[in-house]
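S.K.: model this:
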Amino acid sequence: MIVLDDVGYGQFGCYGSPIETPNLDALAAGGLLYSNMHTTALCSPSRSCIVTGRNHHANGMAAITELATGYPGYNGQIPPENGFLSEMLLQHGYNTYMVGKWHLMPSEQESAAGPYDRWPLGRGFERFYGFLGGDSSQWYPDLVYDNHQVEPPATPEEGYHLTEDLAERAMSFIADAKQVAPDKPFYLHFCTGAAHAPHHVPKEWADRYRGRFNDGWDAYREHTFDRQKELGVVPADAQLSPHDPDVPAWESLSPDARRLAARMMEVYAGFLSHTDHHIGRLLDFLKETGEFDNTLIMVVSDNGASAEGGVTGTTNELQFFNNAPESLEESLARIDELGGPKTFNHYPWGWTWAGNTPFRRWKRETYRGGVSDPFLVHWPDGIRARGEVRDQFAHVIDMVPTVLEVLGVEPPATIRGVTQSPLHGVGFAHTFDDASVASRHRTQYYEMFGHRAIDHSGWRAVCPWPGPSFAEAERPFGAPITMADLDDLDAHHWELYHVDEDVAETRNLAEEHRSKLIEMIALWYVEAGKYNVLPIDGSAFERVMIERPQITEDRTSYTLRPGTQVLPAAVAPRVLNRPHSVTADVEIPPGGAEGVLLCQGTNAGGWSLYVEDGRLHYAHNYVQRSLYHVGSSETVPEGRHTLRFEFEPTGAPDIAHGKGAPGRAQLYIDGRLVGETDMPVTTPIAFNPGGMACGANPGSAVTPAYRAPFRFTGTLHTVTVDLSGDLIVDAPSEMRMHMARQ
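M.R.: Numbers count the residues shown, from 1 in each chain. Next up is the predicted model:
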């Protein structure tokens, strides 16, 4: 199973896209292309369906794991009664390998403290190499090998890229076992970071597309739609969905904005082609080993194309998540860096919308642009048909039962002594050699952040949230849903489409077929009751801001040591917008020392406390828009000392405008003030990716003042982060601060 990330229906070459994906196209030509496959509209939920064959709320995966709540359908914990395909196949002698993106367990369980029962090796995979969270830099990934963190085997300067690394690791896992037991079957779950942001790719791949998107997203849609009709992936009489109201017309953009947007799409296209190339290497390996024809290959994306780059796109997605977008001028100044190690880039909404051609909307929403995805099946030894399109309705919960069906394997009654729940999906193997046979999957519900939909026998009802009557200024995305809201939405704002005749949801028939709509709404509630969808939680921002539950009791003091694993953000002390101190117990040898004492984040945003040129320094990287720095007025003397940083907020954060709390930053050596500055703004919401590291800065450097990993060369005993608010009182300093503000 090859699971791509954030790739829309109109982004494979075999689905009409101008993006070159020759290896994926070859799978379609030698197998089957499905035109009616569906996902959940978001990554973790879809991925849970792909590996279990159960619906996402029944898996506790209403949303991504970082947004879990206490409701059973929303808690981010896939129950043991919903066994993984890996666990099922282990019982039949398979080797099982997970390579790439996981994102299937609560974020607070991603640290070295575990528990490990929800890590890949705890859910039936014998080997794992990849990253545990939602995204990662392709140049400096947060890698885990089996159950422990590892550093990438090379640097970007040495030619490293995550996709290539994942392909090579997948091949080595298979080869390791095959040289010992050549007849033993394997299951490889291969999940690229691509094409999720950051859109990272070697420059030469992006440059292949120079000038090819200068006509803009409207032209892309028209070209792709025409090709889709030629290829048979949409009906010949289909209508293209109308221009999205949130997407500006290409011609309305300034020449500079068009130039920036076109380059962002060139980078994305290069990223997807580069990914296709390395998938091709994996397929070539299967051919070399003689396993290609007898390997069932399924390729799917986890949701529609992503709109997380905002209306203008961004050179740093962290700006989007912190509500701190840069200006067009700032973005243009970095246009030549797009795709490289210094950016964390994502394209604008217009390319998202175009990438989901012919459908409306995108990831996170349950219109077809969010939930209809490319899907390929290739198995020469098991499927006679070649290069044909299948238009039967299917959902990713159908993948597991299809695999079991073709293997002649019954779903296990128990796994590790736990009685298993029934599969929710139905197999589609009967469609492999029969294009006309009916789908066995007739009804499928959807819910994502309160956005709801249901498919039933060729009809589709959709209820957007916020609905048409909710002004965005009054009801922002992710606001909680009240019972009054539900009553109003159900009474007035469901839409109805006959998708058997209108694949792109262009004609709302809610008024013409009121009785059908009422039937569909009632059916949605029946399905919601079955699968733990209720109560509906439409919040998103609130779930981001709340502090996550931890595996230990609450505390205000954290002690870290060098040489230990990086703390993921979900378990690291949350220093944002609050008074805090960082205290390092160090020994400085004769001749001095340098290096990082403690840092959090990456070059996309973060902070670092370090020693350089004999002096103590603190730097705060505000989402690459500003760098705030304070250095000590004197050198750190030889011997054992206490080096301390303190932050005291001097105002409230303005999160709506992307501004964390302003504050006073101070440096101390053995309790003596040696440096201070006022920081007018700090990071408001999150440092992502990159955890908290003690004694070094792995990955990309938080500040350009040093070169990573910049390991501390003295003796670092401990670093203590204190969140109690107990700061050193320094009256003269306070007087100077107040006088300076007069």
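S.K.: what does stretch 417-433 contact?
M.R.: 32, 49, 53-55, 58, 79-83, 377, 379, 382-385, 390, 392, 394-402, 404-406, 411-414, 437, 439-441, 531 (Cβ atoms under 8 Å, 6 or more residues apart in numbering). Backbone N, C-alpha and C define where each C-beta goes, glycine included.
S.K.: What's the local residue count around Asp336?
M.R.: Look at Asp336: counted by other Cβ atoms under 10 Å, it has 10 neighbours.
S.K.: Over to the one 3 residues further on?
M.R.: Gly339 has 27 neighbouring residues, counting by other Cβ under 10 Å.
S.K.: got it, and Gly601?
M.R.: As a burial measure, Gly601 scores 28 neighbours (other Cβ under 10 Å).
S.K.: One more: Thr343?
M.R.: With other Cβ under 10 Å as criterion, Thr343 counts 26.
S.K.: wait, doesn't it sit right on Ala333?
M.R.: No: if you go by Cβ atoms under 8 Å, Thr343 and Ala333 don't touch, sitting 11.6 Å apart.
S.K.: Now the buried members of the contacts of stretch 417-433.
M.R.: 32, 49, 53-55, 58, 80, 82-83, 377, 379, 382-383, 385, 390, 392, 394-402, 404-405, 412, 439-441, 531 (16 or more other Cβ atoms under 10 Å).
S.K.: Inside strands: which ones of those?
M.R.: Members of the buried ones among the contacts of stretch 417-433 lying in strands (criterion: DSSP state E): 32, 377, 390, 394-395.
S.K.: how about the strands in the stretch 301-450 of the chain?
M.R.: Counting by DSSP state E, counting those that start in this stretch, the stretch 301-450 of the chain has these strands, from start to end: 372-378, 388-390, 394-395, 414-415, 418-419, 443-448.
S.K.: quick one: which of those is nearest Gly124?
M.R.: Nearest to Gly124 among these is strand 414-415 (8.1 Å), distances taken as Cβ to Cβ.
S.K.: Sheet-wise, list the partners of the closest one with their directions.
M.R.: Sheet neighbours of strand 414-415, with direction, are listed as strand 418-419 (antiparallel) (DSSP bridges).
S.K.: got the buried residues for the helix ranked longest in the chain?
M.R.: Counting residues, the longest helix found in the chain (DSSP state H) is helix 255-288. Within helix 255-288, the residues scored as buried using 16+ other Cβ under 10 Å are 257-258, 260-280, 282-283, 285-286.
S.K.: can you dump the C-alpha coordinates of stretch 621-634 into CSV?
M.R.: Coordinates of each C-alpha in stretch 621-634 appear next as CSV, following Å, rounded to 0.1, in the frame of the first residue of the first chain:
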residue,chain,number,x,y,z
ASN,A,621,13.1,33.0,15.7
TYR,A,622,9.6,34.4,15.2
VAL,A,623,8.4,32.2,12.3
GLN,A,624,11.3,33.4,10.1
ARG,A,625,9.9,37.0,10.1
SER,A,626,12.0,38.4,12.9
LEU,A,627,15.0,37.2,15.0
TYR,A,628,15.2,38.6,18.5
HIS,A,629,18.6,38.2,20.3
VAL,A,630,20.2,39.0,23.6
GLY,A,631,23.8,38.3,24.5
SER,A,632,25.7,38.5,27.8
SER,A,633,27.8,41.6,28.5
GLU,A,634,30.6,39.4,29.8
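S.K.: so of the buried ones among the contacts of stretch 417-433, which ones are in helices?
M.R.: Judged by DSSP H, the subset of the buried ones among the contacts of stretch 417-433 located in helices is 49, 399-402, 404-405.
S.K.: Just send those residues back as a markdown table, with distance to Arg118 and pLDDT too.
M.R.: Below are these laid out as a markdown table (distance: Cβ to Cβ, whole Å; pLDDT from 0 to 100):
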| residue | distance to Arg118 | pLDDT |
| --- | --- | --- |
| Cys49 | 16 | 98 |
| Met399 | 21 | 98 |
| Val400 | 18 | 98 |
| Pro401 | 23 | 98 |
| Thr402 | 25 | 98 |
| Leu404 | 23 | 98 |
| Glu405 | 27 | 98 |
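S.K.: and which of those residues is nearest Thr21?
M.R.: Distances from Thr21 to those, taken by Cβ to Cβ, are shortest for Met399, at 20.6 Å.
S.K.: Spatially nearest residue to that closest one, not counting backbone neighbours?
M.R.: Leaving aside its chain neighbours, Met399 sits nearest to Ile50 (5.6 Å; criterion: Cβ to Cβ, 6 or more residues apart in numbering).
S.K.: tally of neighbours for the one you found?
M.R.: For Ile50, using other Cβ under 10 Å, the count is 26.
S.K.: Kindly state the pLDDT recorded for it?
M.R.: Here, the pLDDT recorded for Ile50 equals 98.
S.K.: Then Asp487?
M.R.: 82.
S.K.: what helix or strand is it on?
M.R.: Taking DSSP states H and E as the criterion, Asp487 maps to helix 483-492.
S.K.: Can I get that helix as PDB, trimmed to CA atoms?
M.R.: Extracted C-alpha coordinates of helix 483-492, given in PDB (Å, rounded to 0.1, in the frame of the first residue of the first chain):
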ATOM      1  CA  MET A 483     -27.700  22.500  19.500                       C
ATOM      2  CA  ALA A 484     -29.300  25.700  18.000                       C
ATOM      3  CA  ASP A 485     -26.700  25.600  15.300                       C
ATOM      4  CA  LEU A 486     -27.500  22.000  14.500                       C
ATOM      5  CA  ASP A 487     -31.200  22.700  14.300                       C
ATOM      6  CA  ASP A 488     -30.600  25.600  12.000                       C
ATOM      7  CA  LEU A 489     -28.100  23.700   9.800                       C
ATOM      8  CA  ASP A 490     -30.300  20.700   9.500                       C
ATOM      9  CA  ALA A 491     -33.400  22.800   8.700                       C
ATOM     10  CA  HIS A 492     -31.900  25.100   6.200                       C
END
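S.K.: Beyond it, next helix or strand please.
M.R.: Counting by DSSP H and E, the element after helix 483-492 in chain order, helix or strand, is strand 495-497.
S.K.: how far is that next one from where the chain is centred?
M.R.: 30 Å (Cα atoms, centre = their mean, to the nearest Å).
S.K.: Could you do stretch 610-619 as well?
M.R.: That offset, for stretch 610-619, works out to 34 Å (Cα atoms, centre = their mean).
S.K.: Low-confidence ranges, the protein, go.
M.R.: Counting by pLDDT under 70, the chain contains low-confidence ranges at 467-480, 730-742.
S.K.: Tell me who's in contact with the most centrally placed residue in it.
M.R.: By Cα atoms, centre = their mean, the chain has its centre lying nearest to Gly134, at 3.5 Å. By Cβ under 8 Å, 6+ apart, Gly134 lies in contact with 43-44, 64-66, 101, 103, 196.
S.K.: ditto for Pro248
M.R.: With Cβ under 8 Å, 6+ apart, Pro248 has these contacts: 311, 350.
S.K.: again, only this time at 7 Å
M.R.: Listed by Cβ atoms under 7 Å, 6 or more residues apart in numbering, the contact set of Pro248 reads Gly350.
S.K.: Now do the SS call for it.
M.R.: coil (DSSP: H, G, I helix; E, B strand; the rest coil).
S.K.: From Trp353, how far out is it?
M.R.: The spacing between Pro248 and Trp353, counted by Cβ to Cβ, to the nearest Å, is 11 Å.
S.K.: go on, Phe375?
M.R.: Distance of Phe375 to Trp353, computed by Cβ to Cβ: 21 Å.
S.K.: ditto for His580
M.R.: As judged by Cβ to Cβ, His580 and Trp353 stand 42 Å apart.
S.K.: Tell me how many other residues crowd Thr419.
M.R.: 10.
S.K.: what sits opposite it in the beta ladder?
M.R.: Thr414.
S.K.: Leu121: neighbouring residues, count only.
M.R.: Around Leu121 there are 16 other residues, counting by other Cβ under 10 Å.
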